[in-house]
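J.: Prediction below, plus the sequence it came from.
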2 protein chains.
Amino acid sequence: MASASLQEAVSVLKSTNVRMTPQRHAILEFLHSSMSHPTADDIYKSLEERFPNMSVATVYNNLRVFKDAGIVKELTYGDSSSRFDCVTSDHYHVICNDCGKIVDFHYPGLDEVETLAEHVTGFEIEDHRLEIYGTCPECTKMSKQ
Amino acid sequence: MASASLQEAVSVLKSTNVRMTPQRHAILEFLHSSMSHPTADDIYKSLEERFPNMSVATVYNNLRVFKDAGIVKELTYGDSSSRFDCVTSDHYHVICNDCGKIVDFHYPGLDEVETLAEHVTGFEIEDHRLEIYGTCPECTKMSKQ
DNA sequence: AGAATAGATTATAAGAATTACAAATAAAGA
DNA sequence: TCTTTATTTGTAATTCTTATAATCTATTCT
């Protein structure tokens, strides 16, 4: 299942003038296999063994390429590093305010909101971002002790 | 109307053990008068004349104090600076992918999403963030020329 | 009011994340 | 295979944000 969406991502890239390099493939592979919404540095470190000479710049460059191609999303968090998530199915993120854990949350896309925003603001809407914040069960338990 | 919500913010702060200083008042004042979701640096620069000796650290410190008190929200954007928005009524943001313009968009709160997320994930949900991305009318016009 | 206490500000320096740049390298099509 | 052009690399630089310690100011207690 991971390999299917990975193949899809690869073919999306091929359809533009983006070349497939071993580094790119490895980054995509890691993103698709990982359920943990890794940071750029996570990716860099995880590929250190296979690509001892790879530069951090390569990771950032390619994440931007993937973002522009629409196959990867960036989740930003003020001071701390961004996290990256491959676009697979419609899902949102529930994030713990205490420990930072990110849990996927499946919910139908908010098309209605996009449509209304389009009418009200005159923008050509392309996308939206929804995140839900709270305290995860583990941290709740901790704080009650 | 700006002064009413400003007064409210001030009294929220007073109810905790947060002291009201001239700098804090000025930062709050600017946030409430500004419709532009300023960055920390915008705030710093705008108060340069009135407070020639104010430190950038003071701006950041106090924005954090305000965030913790729940009267200010931070909007984060990966590489670029965070923007800050005073919490007034229920509204979301529509953001232009080209020029970065931020437009307020009034929409009823997504309570239903929060409730469902709570049930599905077991989190104690506190909050959510929704942003809608697209191209503003001006940038759309530009690109069609 | 005056002294003590706790909180706030300032200035600077450090830290971390991300990008810019130029040279070297490698992919894809002719 | 050869050529063109995208990509990688390594490093330096930039930018945003925070840590720290000294100074200052507001509040509390007597």
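T.: All right, it came through fine.
J.: For stretch A:91-108, C-alpha coordinates in CSV please.
T.: C-alpha atoms of stretch A:91-108 as CSV (Å, rounded to 0.1, in the frame of the first residue of the first chain):
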residue,chain,number,x,y,z
HIS,A,91,-7.0,13.5,6.7
TYR,A,92,-6.2,16.1,9.2
HIS,A,93,-3.9,16.2,12.2
VAL,A,94,-4.6,16.2,15.9
ILE,A,95,-1.7,17.6,17.8
CYS,A,96,-0.8,17.3,21.5
ASN,A,97,0.0,20.7,23.1
ASP,A,98,2.2,18.9,25.7
CYS,A,99,4.3,16.3,23.9
GLY,A,100,3.8,17.3,20.3
LYS,A,101,2.5,14.0,19.2
ILE,A,102,0.7,14.1,15.9
VAL,A,103,-2.2,11.7,15.2
ASP,A,104,-4.0,11.4,11.8
PHE,A,105,-7.7,12.1,11.9
HIS,A,106,-9.8,11.1,8.9
TYR,A,107,-12.6,13.5,8.1
PRO,A,108,-14.4,14.5,4.9
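J.: Now do it, average pLDDT.
T.: For stretch A:91-108, the per-residue pLDDT values average out at 86.
J.: contacting residues around it?
T.: Residues from elsewhere that reach stretch A:91-108 (Cβ atoms under 8 Å, 6 or more residues apart in numbering or on different chains): A:35-37, A:75, A:83, A:85, A:89-90, A:130-136, A:138-139, A:142-143, B:113, B:116-117, B:120-121, B:123, B:125-126. No exception for glycine: its C-beta is placed from N, CA and C like everyone else's.
J.: Among these, which ones are in helices?
T.: For the contacts of stretch A:91-108, the ones inside helices are A:E138, A:C139, A:M142, A:S143, B:V113, B:L116, B:A117, B:V120, B:T121, with DSSP state H as the criterion.
J.: For burial, what's the neighbour tally of the third one?
T.: Applying other Cβ atoms under 10 Å in any protein chain shown, we find 12 other residues in the vicinity of A:M142.
J.: Find the nearest non-adjacent residue to it, please.
T.: A:D98 (7.8 Å; Cβ to Cβ, 6 or more residues apart in numbering or on different chains).
J.: Any residues of chain A in contact with DNA strand C? List them.
T.: A:19-22, A:39-41, A:56-57, A:60, A:64, A:80-82 (Cβ under 7 Å from any atom of the strand).
J.: Can you pull out the residues in contact with stretch A:131-143?
T.: Under the contact criterion Cβ under 8 Å, 6+ apart, stretch A:131-143 has outside partners A:75, A:92-99, A:101, A:103, A:105, B:113-114, B:117-118, B:121-130.
J.: Please convert the buried members of the residues you listed into ChimeraX selection syntax.
T.: With 16 or more other Cβ atoms under 10 Å in any protein chain shown as the burial test, the buried ones among those are selected in ChimeraX as follows:
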select /A:75,92,93,94,95,96,101,103,105 /B:113,114,117,121,123,125,128,129,130
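J.: Now do the same for the residue lying closest to A:V18 once chain neighbours are set aside: helix, strand or coil?
T.: If the residues on either side of it in the chain are set aside, A:V18 comes closest to A:V65, at 6.1 Å by Cβ to Cβ, 6+ apart. Classification of A:V65 using DSSP: H, G, I helix; E, B strand; the rest coil returns helix.
J.: Mind pulling the model confidence for A:V65?
T.: pLDDT recorded at A:V65 is 93.
J.: gap between it and DNA strand D?
T.: A:V65 sits 7 Å away from DNA strand D, going by Cβ to the nearest atom of the strand, to the nearest Å.
J.: Looking at chain A, which strand is longest?
T.: strand A:124-135 (DSSP state E).
J.: A:S33 and DNA strand D: what is the separation?
T.: Distance of A:S33 to DNA strand D, given as Cβ to the nearest atom of the strand: 18 Å.
J.: what does A:P22 give?
T.: Distance of A:P22 to DNA strand D, given as Cβ to the nearest atom of the strand: 8 Å.
J.: right, and that residue touches A:F51 too?
T.: Yes. With contact defined as Cβ atoms under 8 Å, A:P22 and A:F51 form a contacting pair (7.4 Å).
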